[in-house]
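*Asks:* The following block contains a protein sequence and its predicted model.
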Amino acid sequence: MAPRILLVTTVNWPSSARLAGAFAGVGAHVEAVFPAGHVIRDSRFLAARYRYTAVAPLTSVTHAITRAQPDLVVPCDDRAVDQLVRLDGGPLHAVIARSLGAPQNYAALMARAAFIDAAHAAGVLAPDTINVPDEGLLDAALDRVGFPAVLKADGSWGGDGVAMARNPEQAHAIFRRFAAAPSRLRSLVRAAKRRDIHFLREMVRPREMTVSVQRFVAGRPATSAFACWQGRVLATIHMEVLETLGATGPASVMRRLDCPQMDEAASRIAGRFGLSGLHGLDFIRDAAGQPHLIEINPRATQASAFALGPGHDLAAALAGCVSPSAQGARPAVTDNSFIALFPQEWRRNPASEWLRTAYLDAPWDDPAVLRACLAPGEPIPERRPYSDAVHPLTVRQAVRR
């Protein structure tokens with residue numbers, strides 16, 4: 001019997017639609033619960049669709065799981081992870097525990113300072129990260145980590161809630177901004193801009209904000225996506241980040257890496273927290289190439305959908321844990337080490353050199369999703385045959401950066 005996968009997404013990120021195609025590509029039966037207007041609604045790979053509403057989020061997710069009866073529930077954003085953890089302990093415990101691994105460990109996993117403390121205990125190289133519950137304790141934390149310092153707000157994602165301070169005045173200003181509950185006007189603006197009524201809920205019931213300070217590590221960002229089962233890593237994809245949307249935003253161009261230290265970090269984190277499912281780790285690689293773990297994405301990331309061959313196909317590895325009828329790893333989509341993410345790089349710079357020389361990871365096999373990712377009237381990118389062998393200029397560009 002084909003493995004049954006339910007995707008849970010509350011944020012309109014195209015990556016969840018790509019994940020539907022990835023699981024369908026290894027023989028899975030894929031369903032999804034998502035908010036109105038999400039690009040995944042147009043995916044040809046979905047067998048069933050369920051409505052998610054921010055007015056009754058837990059009811060929406062419970063209904064979808066009950067109807068779908070999945071072997072695995074795969075959260076596609078941090079909010080979806082939080083909702084699954086909150087549903088654990090009831091009638092859905094079995095499927096949630098099977099999908100996440102050890103839900104009781106997620107409180108520490110999703111708190112930035114507690115996660116880094118656990119990483120240290122597991123022997124993973126990571127910069128000091130200090131929880132700062134009160135502004136009066138900020139200067140002591142800054143004395144410990146030095147400047148520049150990175151301030152982070154728990155419960156943020158996609159580059160939000162992260163800022164660098166180069167002096168005490170900047171640090172205190174950032175702390176006050178992160179620690180304060182969003183004003184009603186800001187919540188209203190964010191709800192309209194992002195078309196996400198979760199922010200309207202914050203007008204009525206503001207979230208309690210937790211801020212941490214992390215020691216700055218000079219270097220280049222890198223990221224790992226990995227599939228794991230009961231604390232054991234099954235498949236990994238490691239990438240160096242070459243371009244981002246903004247200073248702290250998501251990646252738009254990446255280069256594939258082979259990195260034993262990142263392999264080891266993923267293995268230690270999966271074992272420490274007893275993880276199952278799809279997860280991501282963010283690193284900074286210093287001048288010597290040594291990766292320093294800075295945070296976890298405890299859910300599927302965009303790289304989770306990549307097909308890069310045996311040992312590097314996360315969807316195939318995870319589906320195979322719940323059904324022997326799941327197909328093996330898909331053929332690698334490219335031999336190009338450089339991957340431009342769609343639609344990020346397209347939006348960052350439509351004239352980008354990377355769009356000509358890197359492999360553009362667009363949903364070519366899901367045309368309706370491809371069109372839904374573009375603005376009305378925006379031209380569809382040209383699909384090109386990509387190979388490292390035909391554009392050595394790309395390699396030289398990356399080396400110069």
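*Replies:* Sure thing, it's come through.

*Asks:* how deep is residue 66 tucked in, by neighbour count?
*Replies:* Other residues lying near residue 66 total 12 when counted by other CB atoms under 10 Å. Every C-beta, even on glycine, is put in place using the N, C-alpha and C of the backbone.

*Asks:* go on, residue 279?
*Replies:* 28.

*Asks:* tell me the pLDDT at residue 200?
*Replies:* Residue 200 is assigned 55 on the pLDDT scale.

*Asks:* now do residue 377
*Replies:* You'll see residue 377 listed with a pLDDT of 82.

*Asks:* Angles on the backbone of it, please.
*Replies:* phi 80, psi -10 (degrees, to the nearest 10).

*Asks:* Next, the contact list for it, please.
*Replies:* With contacts defined as CB atoms under 8 Å, 6 or more residues apart in numbering, residue 377 is in contact with no residue.

*Asks:* Report the separation between residue 136 and residue 179.
*Replies:* Distance, residue 136 to residue 179, by CB to CB, to the nearest Å: 12 Å.

*Asks:* Could you check which of these two is surrounded by more residues?
*Replies:* residue 179 (18 against 8).

*Asks:* The more buried one against residue 212, yeah?
*Replies:* No. At 10.9 Å, residue 179 does not count as touching residue 212 under the criterion of CB atoms under 8 Å.

*Asks:* which SS state does residue 267 fall under?
*Replies:* Secondary structure state of residue 267, per DSSP: H, G, I helix; E, B strand; the rest coil, is helix.

*Asks:* wait, residue 347
*Replies:* Look at residue 347: counting by three-state DSSP, its state is helix.

*Asks:* how close does it sit to residue 280?
*Replies:* From residue 347 to residue 280 the distance is 21 Å (CB to CB).

*Asks:* try residue 65
*Replies:* The spacing between residue 65 and residue 280, counted by CB to CB, is 23 Å.

*Asks:* Equivalent analysis for residue 211, please.
*Replies:* For residue 211 relative to residue 280 (CB to CB), the value is 22 Å.

*Asks:* Quick check on those two: which one has the bigger neighbour count.
*Replies:* Remark: of residue 211 and residue 280, residue 211 carries more neighbours, 25 against 20, as counted by other CB under 10 Å.

*Asks:* Just the pLDDT at that one, thanks.
*Replies:* 93.

*Asks:* For it, grab phi and psi.
*Replies:* Per-residue torsions, residue 211: phi -120, psi 140 (degrees, to the nearest 10).

*Asks:* Which strand residues bridge it?
*Replies:* Residues in a beta bridge with residue 211, per DSSP bridges, are residue 132, residue 153.

*Asks:* One more: residue 163?
*Replies:* Beta-bridge partners, per DSSP bridges, of residue 163: residue 151.

*Asks:* give me the low-pLDDT residue ranges for this structure?
*Replies:* 157-159, 181-208, 385-401 (pLDDT under 70).

*Asks:* Specify the residue ranges that define each domain of it.
*Replies:* 4-108, 128-215, 220-400 (automatic domain parsing).

*Asks:* end-to-end on the first one?
*Replies:* Okay, so that is domain 4-108. End-to-end span of domain 4-108 (CA to CA, to the nearest Å): 29 Å.

*Asks:* Return the distance of that domain from the chain's centre.
*Replies:* In terms of CA atoms, centre = their mean, to the nearest Å, the centre of domain 4-108 is found 14 Å from the chain centre.

*Asks:* what comes up buried for the longest strand anywhere in the chain?
*Replies:* The single longest strand within the chain, with elements called by DSSP state E, is strand 232-244. For strand 232-244, burial by neighbour count (16 or more other CB atoms under 10 Å) applies to 233, 234, 235, 236, 237, 238, 239, 240, 241, 242, 243, 244.

*Asks:* Now do it: which elements does it pack against?
*Replies:* Applying 3 or more CB pairs under 8 Å, 6 or more residues apart in numbering; DSSP states H and E, we find strand 232-244 packed against strand 220-229, strand 251-257, helix 260-273, helix 314-322.

*Asks:* check contacts around the residue positioned nearest the centre of the chain.
*Replies:* Note on the chain: the residue nearest the mean C-alpha position is residue 301, at 3.4 Å, using CA atoms, centre = their mean. Each residue near residue 301 by CB under 8 Å, 6+ apart is listed here: 15, 223, 225, 278, 279, 280.

*Asks:* And it, how close does it get to residue 70?
*Replies:* Here residue 301 is placed at a distance of 20 Å from residue 70 (CB to CB).

*Asks:* likewise residue 217?
*Replies:* Taken as CB to CB, the span from residue 217 to residue 70 is 39 Å.

*Asks:* Please apply the same query to residue 222.
*Replies:* Relative to residue 70, residue 222 is positioned 32 Å away (CB to CB).

*Asks:* Now do the SS call for the residue lying farthest from the centre of the chain.
*Replies:* Centroid-distance maximum for the chain: residue 136 at 32.6 Å, with CA atoms, centre = their mean. Here residue 136 is helix, with the state taken from three-state DSSP.

*Asks:* tell me which residues of stretch 29-46 are tucked away?
*Replies:* Buried-residue list, stretch 29-46, by 16+ other CB under 10 Å: 29-35, 38-43, 45-46.
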